[in-house]
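Visitor: what's the 3D shape of this:
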Amino acid sequence: MRLSKRLIAEAFLLLVATIWGTTFVATKIAFENVSPLLYLALRFGAASLLFPLFFREAFPIPTSLLVSALPLLSWYFAGFALQTIGLNHTTASKSGLITGSYVVFTPILQSVLEKRVPPLGAWIASAMVFVGLAMLTMGDEGFGGEFNFGDFLTLLCGVCYAFYLVELDKLTSQERFAQEPSLLTKLVLLQLSSCAVASLPASFLLETPTLVFSWRLVAVIFYLAFFASVITTVLQTRYQKDTTPSRAAIIFIMEAVISTIFAVAFLGERLSVVAWLGAALMVAGLVVSEKS
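Guide: This is a model prediction of the structure:
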């Protein structure tokens, strides 16, 4: 049986979500040696240097692409900055779960900004995922049911990421991307490098930069730069256009489930039975999305 373009794309997006799910634990480990925004500068700076080694067609970047991508780049940086600072004030599992709030905001923004109302199944799936998200987040006092400053920043990250998903869909759906496939590669490099460039001055303005060298930090930064930044951004930029922003958001919510499993396994964070039921409801929401 031949798989459709949409199913192939969504399988790659699920792989992206799985890799993202590991980054919360990895970032928590990195915070032992580096401050949040300086960590972002290192991660995306390394990714920007690695990327052209594998994708020579990334240069030159047309000025017209840079100008048209400015809204996308702004949401990309804002989302990562808010998530990273927020993660320094909350647990890895809660950060992954609250980041997933974009699954609720995305269909609303898609309706408003793109004048494309998602089908009923997408709304039902989003509702299921939202309820599951609430169960995961608030399921247990020991898990940290209180809503703190880090959680608030992470919720804002979810809003930014919803804008990012819709902007990415709008931009990469333009005819010029079909006519000139290398523009996708150039757009990936723009996203990585803009996040690095913005993070460095932000580190000196918004925090006291700290950096303590360790080979463990080097290994974590390489993993996050190559796999969780270069590979995932390439796959998302290439394949998200073959599905809708709402369906992509529901697929990406699996990042929250993966991050929770890793936080429980490697950081000793714990979840209640209610929270695990919430995770199951989120997976069910993904199935409903695939059927719609």
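
Visitor: tell me the mean pLDDT for the helix or strand where Pro107 lies?
Guide: With elements delineated by DSSP states H and E, Pro107 resides in helix 102-113, which encompasses its position. The predicted model gives helix 102-113 an average pLDDT of 79.

Visitor: again, but for stretch 185-204
Guide: Mean per-residue pLDDT for stretch 185-204: 95.

Visitor: for the helix holding Pro107, give me every contacting residue.
Guide: If you take C-beta atoms under 8 Å, 6 or more residues apart in numbering as the criterion, helix 102-113 is touched by 116-118, 122-123, 126, 129-130, 133, 158-159, 161-163, 165-166, 169-170, 244-246, 248-250, 252-253. (Glycine included, C-beta is placed from N, CA and C.)

Visitor: buried sites along that helix?
Guide: For helix 102-113, the neighbour count (16 or more other C-beta atoms under 10 Å) marks 102-107, 109-110 as buried.

Visitor: which one of the residues you listed is nearest Thr233?
Guide: Sorting the buried residues of helix 102-113 by how near they are to Thr233, with C-beta to C-beta, puts Tyr102 at the top with 16.4 Å.

Visitor: how about Phe213, secondary structure?
Guide: Put simply, Phe213 is coil when judged by DSSP: H, G, I helix; E, B strand; the rest coil.

Visitor: so who does it touch?
Guide: When contacts are taken as C-beta under 8 Å, 6+ apart, Phe213 is in contact with Asn33.

Visitor: measure it to Leu200 for me?
Guide: As judged by C-beta to C-beta, to the nearest Å, Phe213 and Leu200 stand 18 Å apart.

Visitor: again with Tyr223
Guide: For Tyr223, the distance to Leu200 under the criterion C-beta to C-beta works out to 21 Å.

Visitor: and for Val159?
Guide: Between Val159 and Leu200 the distance, using C-beta to C-beta, works out to 24 Å.

Visitor: how about Thr18, nearest residue that isn't a chain neighbour?
Guide: In this structure, Thr18 finds its nearest non-sequential neighbour in Ile258, 5.5 Å apart by C-beta to C-beta, 6 or more residues apart in numbering.

Visitor: with Ala58 instead?
Guide: Beyond its immediate neighbours in the sequence, the residue positioned closest to Ala58 (C-beta to C-beta, 6+ apart) is Leu189, lying 4.3 Å away.

Visitor: what bits of the stretch 151-292 of the chain have low per-residue confidence?
Guide: With pLDDT under 70 as the threshold, the stretch 151-292 of the chain has low-confidence stretches at 269, 271, 286, 289-292.

Visitor: if you set the cut-off to 80 instead, what comes out?
Guide: Applying pLDDT under 80 to the stretch 151-292 of the chain flags the ranges 246, 249-250, 253-257, 259-260, 263-276, 278-280, 282-292.
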